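Novice: Sequence and predicted model, in that order:
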Amino acid sequence: MDIMGILGVVLGFICIIVSIMLDGQIMSFVDMASIFIVFGGVICATIANYSFKQFRSLGKMFKIATSKEKIDYKKSIDTIVYLANIARKDGVLKLESEANSIDDKFLQKGIMLVVDGSDPELVKNILETELNFIEERHDRGQTMLYSMSAYAPAFGMAGTLIGLINMLKKLDDPSILGASMAVALVTTFYGVILANLVFTPTAGRLKEKTAHEIMYKEMLIEGILSIQAGENPRITEEKLKAFLPENQQNKMNAEKKGE
Amino acid sequence: MDIMGILGVVLGFICIIVSIMLDGQIMSFVDMASIFIVFGGVICATIANYSFKQFRSLGKMFKIATSKEKIDYKKSIDTIVYLANIARKDGVLKLESEANSIDDKFLQKGIMLVVDGSDPELVKNILETELNFIEERHDRGQTMLYSMSAYAPAFGMAGTLIGLINMLKKLDDPSILGASMAVALVTTFYGVILANLVFTPTAGRLKEKTAHEIMYKEMLIEGILSIQAGENPRITEEKLKAFLPENQQNKMNAEKKGE
Amino acid sequence: MDIMGILGVVLGFICIIVSIMLDGQIMSFVDMASIFIVFGGVICATIANYSFKQFRSLGKMFKIATSKEKIDYKKSIDTIVYLANIARKDGVLKLESEANSIDDKFLQKGIMLVVDGSDPELVKNILETELNFIEERHDRGQTMLYSMSAYAPAFGMAGTLIGLINMLKKLDDPSILGASMAVALVTTFYGVILANLVFTPTAGRLKEKTAHEIMYKEMLIEGILSIQAGENPRITEEKLKAFLPENQQNKMNAEKKGE
Amino acid sequence: MDIMGILGVVLGFICIIVSIMLDGQIMSFVDMASIFIVFGGVICATIANYSFKQFRSLGKMFKIATSKEKIDYKKSIDTIVYLANIARKDGVLKLESEANSIDDKFLQKGIMLVVDGSDPELVKNILETELNFIEERHDRGQTMLYSMSAYAPAFGMAGTLIGLINMLKKLDDPSILGASMAVALVTTFYGVILANLVFTPTAGRLKEKTAHEIMYKEMLIEGILSIQAGENPRITEEKLKAFLPENQQNKMNAEKKGE
Amino acid sequence: MDIMGILGVVLGFICIIVSIMLDGQIMSFVDMASIFIVFGGVICATIANYSFKQFRSLGKMFKIATSKEKIDYKKSIDTIVYLANIARKDGVLKLESEANSIDDKFLQKGIMLVVDGSDPELVKNILETELNFIEERHDRGQTMLYSMSAYAPAFGMAGTLIGLINMLKKLDDPSILGASMAVALVTTFYGVILANLVFTPTAGRLKEKTAHEIMYKEMLIEGILSIQAGENPRITEEKLKAFLPENQQNKMNAEKKGE
């Protein structure tokens, strides 16, 4: 679990609740009708915009956004260099027995394609097509969340307009004017908070994770193609290390020397 | 019929109607003059922006947006692999008799071009030009709907300004002030709802469907060109399967093994 | 004349006028000072942003936006195929006598370049450079109109601020408060209407027309280059027909068979 | 001096002043504190966003934006064709003596590189790098002005909020309520006017001028490379004329025939 | 220290404080609850959007944004030309001893790769990958700051809505109405100021610095590859000088002649 991400949202809500309670009552901000119009509107518009199937994937997206990343560049580079050495010494066919013990499914698939003796162009083609689809699927998730963060304030405003119009229609009792207006404004408040503390940050986090995953998989493709091309494992390692930030490169080099 | 899409819009309107009736009367939100200015303005601006011909295609677009998708990757891959086998064994001319039984018009056209012995470059050129035009036509539909979703709040605001100015000009009777203002706000309400529950979601749904169709047709082009190039049907299949999401790839592989 | 485009704007204004008169007087919305600030501001900012020369081209742009399109794909394809046949049989020099009877100046120019025996690369270069400039000139027109549709609400707001500040400075007579505020809001109203019923739709229409013209001229270039390359006229025709939407392609094929 | 550009801004301010004086006093809109917060805020944010050095270039940018363009396509084409003729007859070395009398520094530099016998690739490389830097420097100027046109309304709003909060804190004397609110709104007014009558139009004008200059210099590069390649001067002329709008092309052709 | 950048922000705050004190009291604008909701909200949303690790890098980013640039084109060009001369005369291996005395780590690394006899394609590949990562890391910093400048006004508005709703719920004491509303508006004020005087300018400054650094490193890569290709040092110098603005080029040329 990527606790900090969830903590961000939770602490954000605590901030808001504390702010409310400093000078008012939390119950002024809980209004079932307001929740109904804002959530209902956002959910319905999202289903209409995408599809029910994609809408259901929302749970999965929140899960991805809040899960811990399991990318280990160092380990993968070591694995690829190890495989490159085997391929160089004993031929790519020897990789078949190694492939089963590779944790990363994407790397495993790539190595199997190499073992199968597929054309290098085809291997690259297949792996990049797959990468594109992973990117596209994640993109869609982000796009849906960004749409929701645009729908939320819109339905918040719709709710406030409903409240205002209803209020203006029965102005005879001015004593409840303030309270009615307060209730009307609650939907706008919901819209702002939902958009800026839930939807936009989650979409942003998904975007970050996608970027990391894509970069990681690009490194794997580079490594697989380098193995297939029979390049010197030292060159392979150099190429892959260029994907690391400088401080991690230095760390890897230092460890190497220490060995 | 893509029921969920329509259901999204319908349930969205029900949400709004229920919200209104929780604390007011639905009739406060029905105002013929407001409907006239918002709908009239949006329709006129759209006709002026595009053309009457394109505006009339709106019905068709709503129909596309709410129709069920009929893309069957698995079946098309099987068909293409089947054709690839025939082409390999008996030559591309044999495909002529098969072409008539192909359901997909785009695939059929591509196969006919292959049968005609057209130059591979020309086949690719013609199919991709056609794909571009399909994309462009759909793009236009989306663009028009996005324009409408920008015009709607603008004419909503124009209507509210008309209401406010009329109201301010005859302030002598303060007792109707509230009611007049309520009426003025109704147009803004219409604009927000139209934009966020009708136009934007429909445009979004069209965009999704276009993306799916384009990806599907790209796979067909890949397959047609692979047949023409006389590639091994197994390679053709590998290439096409890369267009499927991973879980469907696994499913297809599993079925294959089960055979 | 592209009557529907103008009709869109005219009907839009009628909508607004009717809306006003349902509950108020049209004279409340006519205020010379408001017209002065909104139109004056928009015109001055546009001249400062672009140039007086370009600003004067506004009339021409409105004329283009409201003129009927004279693109006839079918006729042009027939002409090009006819020329391709001549070029194939009698050589490109024979095209010189035909060139004079070509209506389309762009096609004529291209054919003359072919007749002149210019290098294919140069012909392509010159025609594409010309196409780029046509596109760029039209782009500028659109951009100017989009700028105007951004300036209009801004000066509308500026006018309203002027009205409000003037009103607030002399609050001693509360009886005219409402009327003053109404006048102040008229400029905002002008800004919204100008942007959404005049500038944005006209810019959009220009964009549509440009897109059509560009696509049409791209087809002409494809045809000219195909003639110069001495390709089979049937291939030329196939290539050009790919620029048509499917239903028109079918129609042309049907007519052909009917011949 | 590009008088129309300045006139646009000047007339715009006159429009606004006349609008104010039709129904109020100009002094209600002059408030030193408001000028201080809006100008001060915009200037400080711009310095913080860019650098003091770039901020100081603002004067130069206004000068560029309001200076008359000195691009003379016809003359430059004539010069290049003249040089191409010399280079063809007497060799590129002969151009050295001509180079000194070329007005345009960019063209002169390019010709000198040709005379130096530099590699064509290097000449192209150097001239295009230089063009990129010219473009980039102008881009930066525009970007800074667009930033300022975003900061202006923001600090206008900040000023209004300061005014409102101060006013609300001392509500005891309702008689000055209107006047205080008027003063508060003046900053918003300043922000709107500055953004829409000064910063955005100036940025736009710079953008136009940059586009013209870039296109002109691209033509010069095309000409220089054509000279170096030893192409037929007639071809060079054809290539360069494609950079002109059609009516100017026709005019040049007509003059030619008239000679 | 890049004093002007910090000065911009500091003077901006002084402007605002002076503006406040001209007509009110600074204490009306200091409200702990408002600070809590705006800062708390922005920080929590940013952590949820990015990661805690990236959020912590904020300090580093502010440091980069306010640090003095240490790019010295002239010195680096001299160094590269010096190295190019050595490489030409004594071979690239001689560069090893020189490499240690190069200040710039990026240039040093590139030279070491050349000394190692790596393939030119690989050198380019590694250096450009590294450049991409530097760019990407800086991009992320900017993106985070731009996100914060979007969250700030949103949480400012949320705070104002909280204040308004609390106020409207207890309208019984109208005497405190003004003061409550003033407090409610303070959060909006904070949001506007934070976005426009802190986050956006800092993001902009980072963007400027990144652009400078990228251009500088691109020049270094050009130089390193030119050394490896064994090009004439004079050509190398010409190529690198094209990266300088014209006035600095002239200055360098003048100095050269003066030598």
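Specialist: All right, it came through fine.

Novice: tell me the secondary structure for the residue nearest in space to the middle of chain A?
Specialist: Ranked by distance to the mean C-alpha position of chain A (Cα atoms, centre = their mean), the top residue is A:Leu206 at 1.6 Å. When classified by DSSP: H, G, I helix; E, B strand; the rest coil, A:Leu206 comes out as helix.

Novice: Touching, it and A:His138? I think so.
Specialist: Yes. Using Cβ atoms under 8 Å, A:Leu206 is in contact with A:His138, at 6.3 Å. (Each C-beta comes from the backbone N, C-alpha and C, glycine too.)

Novice: Show me whatever sits in contact with both of these two.
Specialist: Common contacts of A:Leu206 and A:His138, defined by Cβ atoms under 8 Å, 6 or more residues apart in numbering or on different chains, comprise A:Ile64.

Novice: relative to helix E:120-169, how tilted is the lengthiest helix in chain A?
Specialist: Looking across chain A with DSSP state H, the single longest helix is helix A:120-169. With axes from the mean of the first three to the mean of the last three Cα atoms, to 10 degrees as the criterion, the two stretches helix A:120-169 and helix E:120-169 enclose an angle of 10 degrees.

Novice: Pull the distance from helix A:120-169 to the chain's centre.
Specialist: The chain centre lies 12 Å from the centre of helix A:120-169; the measure is Cα atoms, centre = their mean, to the nearest Å.

Novice: by contact count, what packs against the helix or strand that it is followed by?
Specialist: Downstream of helix A:120-169, the first helix or strand assigned by DSSP states H and E is helix A:177-193. In this structure, helix A:177-193 packs against helix A:32-49, helix A:120-169, helix E:120-169, with contacts taken as 3 or more Cβ pairs under 8 Å, 6 or more residues apart in numbering or on different chains; DSSP states H and E.

Novice: Toward the C-terminus from the shortest one, list the very next helix or strand.
Specialist: Of the helices and strands lying after helix A:32-49 in sequence (DSSP H and E), the nearest is helix A:52-56.

Novice: Could you list every helix and strand in contact with that next one?
Specialist: Helix A:52-56 makes packing contacts with helix A:32-49, helix A:120-169 when contacts are defined by 3+ Cβ pairs under 8 Å, 6+ apart.

Novice: Could you tell me how far that helix lies from the centre of the chain?
Specialist: The chain centre lies 17 Å from the centre of helix A:52-56; the measure is Cα atoms, centre = their mean.

Novice: Please apply the same query to stretch A:63-83.
Specialist: Mean C-alpha position of stretch A:63-83 versus that of the full chain (Cα atoms, centre = their mean) differs by 16 Å.

Novice: What is the helix or strand of chain A with the lowest mean pLDDT packed up against?
Specialist: Lowest on mean pLDDT, DSSP states H and E among the helices and strands of chain A sits helix A:246-258, with a mean of 72. For helix A:246-258, the packing partners by 3+ Cβ pairs under 8 Å, 6+ apart come out as helix A:73-90.

Novice: If you count neighbours, what's buried in the helix it packs on?
Specialist: A:73, A:76-77, A:79-81, A:83-84, A:86-87 (16 or more other Cβ atoms under 10 Å in any protein chain shown).

Novice: Check the gap between the closest residue to chain D within the stretch 151-259 of chain A and A:Gly191 for me.
Specialist: In the stretch 151-259 of chain A, the residue that lies nearest chain D is A:Gly178 (16.5 Å; Cβ to the nearest Cβ). In this view, A:Gly178 and A:Gly191 are 21 Å apart by Cβ to Cβ, to the nearest Å.

Novice: Same drill for these two, tell me which one is more crowded.
Specialist: Relative neighbour count places A:Gly191 above the other of A:Gly178 and A:Gly191, with 28 against 19, counting by other Cβ atoms under 10 Å in any protein chain shown.

Novice: Show the model's pLDDT score for the spatially closest residue to that one that is not a sequence neighbour.
Specialist: In space, not counting the residues next to it along the chain, A:Gly191 is nearest to A:Gly156; the distance is 2.1 Å by Cβ to Cβ, 6 or more residues apart in numbering or on different chains. In the prediction, the pLDDT value recorded for A:Gly156 is 95.

Novice: Could you report the neighbour count for A:Gly156?
Specialist: Residues contacting A:Gly156 under the criterion other Cβ under 10 Å number 28.

Novice: just A:Ile26 next, same as before
Specialist: A count of nearby residues for A:Ile26, using other Cβ under 10 Å, gives 11.

Novice: residues in contact with it?
Specialist: Contact partners of A:Ile26, counting by Cβ under 8 Å, 6+ apart, are A:17, A:20.

Novice: same check, this time on A:Thr46
Specialist: Contacts of A:Thr46 were listed using Cβ under 8 Å, 6+ apart, and they are A:55, A:144, A:147-148, A:151, B:8, B:201.

Novice: A:Met181 too?
Specialist: With contacts taken as Cβ under 8 Å, 6+ apart, A:Met181 has the following neighbours: A:163-164, A:167, E:168.

Novice: so which of the residues you listed are also by chain B?
Specialist: For chain B, the contacts drawn from those by Cβ under 8 Å from any Cβ of the partner chain are A:163-164, A:167.

Novice: tell me which of the residues you listed is nearest to chain B?
Specialist: For these, the nearest to chain B is A:Leu164 (6.0 Å; Cβ to the nearest Cβ).

Novice: what about that closest one, how many neighbours?
Specialist: By other Cβ under 10 Å, the burial measure for A:Leu164, its neighbour count, is 19.

Novice: How many neighbouring residues does the nearest residue to it once chain neighbours are set aside have?
Specialist: The shortest distance from A:Leu164 to any residue other than its chain neighbours is 5.1 Å, reached at A:Ala184 (Cβ to Cβ, 6+ apart). Counted by other Cβ under 10 Å, the residues lying close to A:Ala184 total 24.

Novice: Verify the stated contact: A:Ala184 with A:Met167.
Specialist: Yes. Using Cβ under 8 Å, A:Ala184 makes contact with A:Met167 at a distance of 6.3 Å.

Novice: State the mean pLDDT of stretch A:175-192.
Specialist: Per-residue pLDDT values over stretch A:175-192 give a mean of 88.

Novice: for that stretch, which positions count as buried?
Specialist: For stretch A:175-192, the buried set under the neighbour-count rule, 16+ other Cβ under 10 Å, comprises A:177-192.

Novice: One more: stretch A:123-132?
Specialist: Using 16+ other Cβ under 10 Å as the burial criterion, the residues of stretch A:123-132 that qualify are A:123-127, A:129-131.

Novice: will you turn the residues you listed into JSON lines that also has pLDDT and distance to chain B?
Specialist: Listed next are the buried residues of stretch A:123-132 as JSON lines, based on pLDDT from 0 to 100; distance: Cβ to the nearest Cβ, whole Å:
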{"residue": "A:Val123", "pLDDT": "87", "distance to chain B": "10"}
{"residue": "A:Lys124", "pLDDT": "89", "distance to chain B": "11"}
{"residue": "A:Asn125", "pLDDT": "83", "distance to chain B": "7"}
{"residue": "A:Ile126", "pLDDT": "83", "distance to chain B": "5"}
{"residue": "A:Leu127", "pLDDT": "88", "distance to chain B": "9"}
{"residue": "A:Thr129", "pLDDT": "84", "distance to chain B": "4"}
{"residue": "A:Glu130", "pLDDT": "84", "distance to chain B": "6"}
{"residue": "A:Leu131", "pLDDT": "89", "distance to chain B": "10"}
